[in-house]
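Asker: mind folding the following:
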Amino acid sequence: MTDTTTEQTSIGPMATIRVLRRHFEGYGGRFVALSLLGVVMAVLEAAIVILIAALASLLTNARDELTRTVLGVDIGISRVGLCVLALTVVVLRSVLELAVIELRARTDANYDRRARLAVLDAFLCSDWELQSVEQAGGLQTTLVLVVSNARAALRGSTDTIVAFVGLVVMLLASAAVGGAAALVVIAALIGTALLVRPLLHASHRASKQMWAYSASFANRVGELVGLAREVLVFDARTPVERDAARDIDGLADAVYKSEVAGFRLTAVNNSLIYLMATGGLVALIAAGVDNPQPYIAMVLLLYRAVQYGRTLQSNYQGLITQLPYVEKLDEQLARYRASARTLGTAVLEAPLRSIRFDDVSFSYLPGQVALDHLDFELAPGEAVGIVGPSGAGKSTVMQLLLGLREPDGGQVLVNGRPPTAYTSASWSSMVTLVPQDAELFDRSVSDNIVCFREGIDRAAVIEAARGARIQEEIEALPDGFDTLIGPGGGRFSGGQRQRLCIARALVGQPALVVLDEPTSALDHGSEDAIRETLEALRGQVTLVIIAHRLSTLRICDRVIVMNEGRIEAMGPRAELERDNPYYAQAVRLAKLV
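Answerer: Numbers count the residues shown, from 1 in each chain. Next comes the predicted model:
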């Protein structure tokens with residue numbers, strides 16, 4: 001793997017805030033609420049510390065009352081009064097802390113839901129050009145790993161806010177109680193933060209490298225699962241394992257560097273804090289302080305300040321570690337949204353009066369023409385077959401017919417308008433696909449036929465299964481149409497899976513059905529049954545059949561022969577068999593002569 005993510009980037013507080021503000025837009029109110037609650041909690045904690053110091057002073061000097069002069073007025077409070085006040089403040093702070101915990105937990109859960117839905121919606125709304133090249137592992141990594149770590153960054157942000165306001169309040173309180181001595185310690189704390197800054201940069205670089213390896217490894221695992229059958233058949237376990245081991249080693253090395261950077265930062269920070277604390281005590285002893293009470297309060301406040309400082313440092317370090325995931329999530333969302341499908345406002349209604357390719361050209365890459373000035377028209381209710389060698393452009397024609405891609409030149413016109421002019425709902429209700437690879441998911445048979453569409457009742461499901469010649473086989477299952485298919489539909493044969501997909505296509509009562517090698521996985525009996533189904537659909541819907549098995553084309557009114565992105569010939573089967581060498585040879589090979 002080539003790593004391009006290890007370069008040093010600006011990770012100062014302001015740069016971090018800019019990234020977080022952009023990503024967590026809409027959470028400003030929650031951050032403000034947490035900040036205010038954090039200030040109140042820290043003030044109450046400072047009050048608790050001061051009250052504890054006062055009680056310690058009373059106990060040390062064996063006095064029953066503490067007296068202080070405030071604005072020229074002598075104020076006294078007894079031991080019991082101090083105890084009651086201290087307990088009251090402790091209870092109040094505990095209640096506020098529970099409120100903060102609730103708010104932070106709800107904020108995390110809200111973000112998790114919104115972020116995952118945003119990624120899923122952006123992906124589903126993107127065009128086929130992006131979806132067709134997006135790795136399943138890439139989407140899975142974004143939805144699971146990236147969002148989880150971005151949520152951790154949100155939690156780190158809220159934790160950092162609470163720790164920061166707590167640190168500020170404790171430092172201010174210690175300065176008010178201890179004066180110049182506290183200011184010296186505060187200056188030392190600031191110096192500590194500056195000393196560990198280079199370690200923060202190292203931690204950030206290591207985190208970005210670990211993200212890059214994690215994403216690459218997740219994609220590799222997805223590929224491995226998809227190729228599990230081939231690995232087993234080819235007995236390629238050892239080389240696959242050896243290849244995966246290189247990725248695992250790279251990821252382990254990235255984990256090591258990230259962990260070392262984090263541990264070094266914590267260790268150096270702890271050592272500096274302990275050094276300052278010890279030095280402060282030595283200074284107090286050397287100064288021969290007579291009245292220790294304010295210094296007791298100052299030491300306690302500074303101790304809490306140091307703890308807040310450590311928490312702040314740790315949270316900020318964790319936040320920096322998660323920052324690459326926040327940036328990656330922003331990149332993925334922007335990438336998906338930049339490829340959003342164009343949605344029209346016109347409503348496509350039956351019947352389909354005409355489907356026309358008007359001088360259509362298309363290229364996947366510059367200079368590599370997939371379709372070259374195609375002109376043809378489909379009549380309503382017509383059955384048209386498309387044949388040709390691999391790479392002839394058949395699949396590209398199919399994708400343009402389905403509105404999955406837009407031509408580079410010319411127009412695909414359905415009822416006089418391009419597919420992008422119609423609403424997604426009306427287009428999808430009229431145009432459907434039977435793919436070559438039957439993809440089933442782990443729900444009931446009925447759910448697989450409906451395939452997430454709304455408004456389709458059980459009667460329509462049964463009718464579609466009858467049309468696909470699979471109703472009797474479904475009803476023979478233990479729970480009939482409610483039988484769970486299982487992961488990947490492994491309990492069904494290839495022919496059954498294909499017929500389930502045909503039922504899925506028919507259940508919406510479409511006007512145009514595009515079939516991509518519909519009988520490629522079927523035995524002759526199933527193929528005959530499907531051909532009978534398609535024969536029954538002739539005249540009712542427009543059929544476009546892409547096939548290598550020429551027996552499937554017996555029901556076709558016309559056949560289009562494609563070669564190198566062009567229409568080589570078009571007409572009835574008998575005419576093509578007589579006049580087109582490619583089709584005639586294909587017929588001979590299929591032994592249909």
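
Asker: which parts of the stretch 401-550 of the chain are strands?
Answerer: 409-414, 431-434, 512-516, 542-546 (DSSP state E, counting those that start in this stretch).

Asker: pick the most buried one from the ones you listed.
Answerer: Scoring the strands of the stretch 401-550 of the chain by mean neighbour count under mean count of other CB atoms under 10 Å gives strand 542-546 as the most buried, with a mean of 24. Quick note: C-beta positions are derived from backbone N, CA and C, even for glycine.

Asker: adjacent strands (with direction) for it?
Answerer: Using DSSP bridges, the strands paired with strand 542-546 are strand 383-387 (parallel), strand 512-516 (parallel).

Asker: Leu130 is nearest to which of these?
Answerer: With CB to CB as the criterion, Leu130 lies closest to strand 512-516 of these, at 20.7 Å.

Asker: quick one: mean pLDDT for that closest one?
Answerer: Mean pLDDT, strand 512-516: 92.

Asker: so in the protein, where's the weakest helix or strand by average pLDDT?
Answerer: The helix or strand of the chain with the poorest confidence is strand 65-70; it has a mean of 59 (mean pLDDT, DSSP states H and E).

Asker: contacts for stretch 516-532?
Answerer: 395, 398, 433-436, 438, 468-469, 494-495, 497-499, 502, 534, 545-549, 551-552, 554-555 (CB atoms under 8 Å, 6 or more residues apart in numbering).

Asker: with stretch 535-542 instead?
Answerer: With CB under 8 Å, 6+ apart, stretch 535-542 has contacts from 352, 355, 378-384, 467, 506, 510-513, 543, 555, 557.

Asker: go with 6 Å
Answerer: Leu352, Leu378, Gly381, Glu382, Ala383, Ala511, Leu512, Val513, Ile555 (CB atoms under 6 Å, 6 or more residues apart in numbering).

Asker: pull out the buried residues from it.
Answerer: Leu537, Val541, Thr542 (16 or more other CB atoms under 10 Å).

Asker: swap in stretch 465-481?
Answerer: Result for stretch 465-481 [16+ other CB under 10 Å]: buried residues Ala465, Gly467, Ala468, Arg469, Ile470, Gln471, Glu473, Ile474, Leu477, Phe481.

Asker: what about that stretch, start to end distance?
Answerer: Start-to-end span of stretch 465-481 (CA to CA, to the nearest Å) is 10 Å.

Asker: same question for stretch 19-30.
Answerer: Stretch 19-30: ends 17 Å apart by CA to CA.

Asker: on contacts alone, who are the packing partners of the host helix or strand of Thr88?
Answerer: If you go by DSSP states H and E, Thr88 is part of helix 79-124. Contacts defined by 3 or more CB pairs under 6 Å, 6 or more residues apart in numbering; DSSP states H and E place helix 79-124 against helix 28-60, helix 147-178, helix 293-338.

Asker: verify the contact between Gly38 and Ala163 for me.
Answerer: No. Look at Gly38 against Ala163 with CB atoms under 6 Å: they stay out of range, at 8.1 Å.

Asker: which residue is nearest the middle of this structure?
Answerer: Leu143 (2.5 Å; CA atoms, centre = their mean).

Asker: check the gap between that one and Leu124 for me.
Answerer: For Leu143, the distance to Leu124 equals 12 Å [CB to CB, to the nearest Å].

Asker: PyMOL command for the buried members of the contacts of stretch 516-532?
Answerer: Buried members of these, defined by 16+ other CB under 10 Å, are picked up in PyMOL with:
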select buried, resi 398+433+434+435+436+438+468+469+495+497+498+499+502+534+545+546+547+548+552+555
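
Asker: among the contacts of stretch 516-532, name the ones in helices.
Answerer: Ser395, Met398, Gly494, Gly495, Arg497, Gln498, Arg499, Ile502, Leu534 (DSSP state H).
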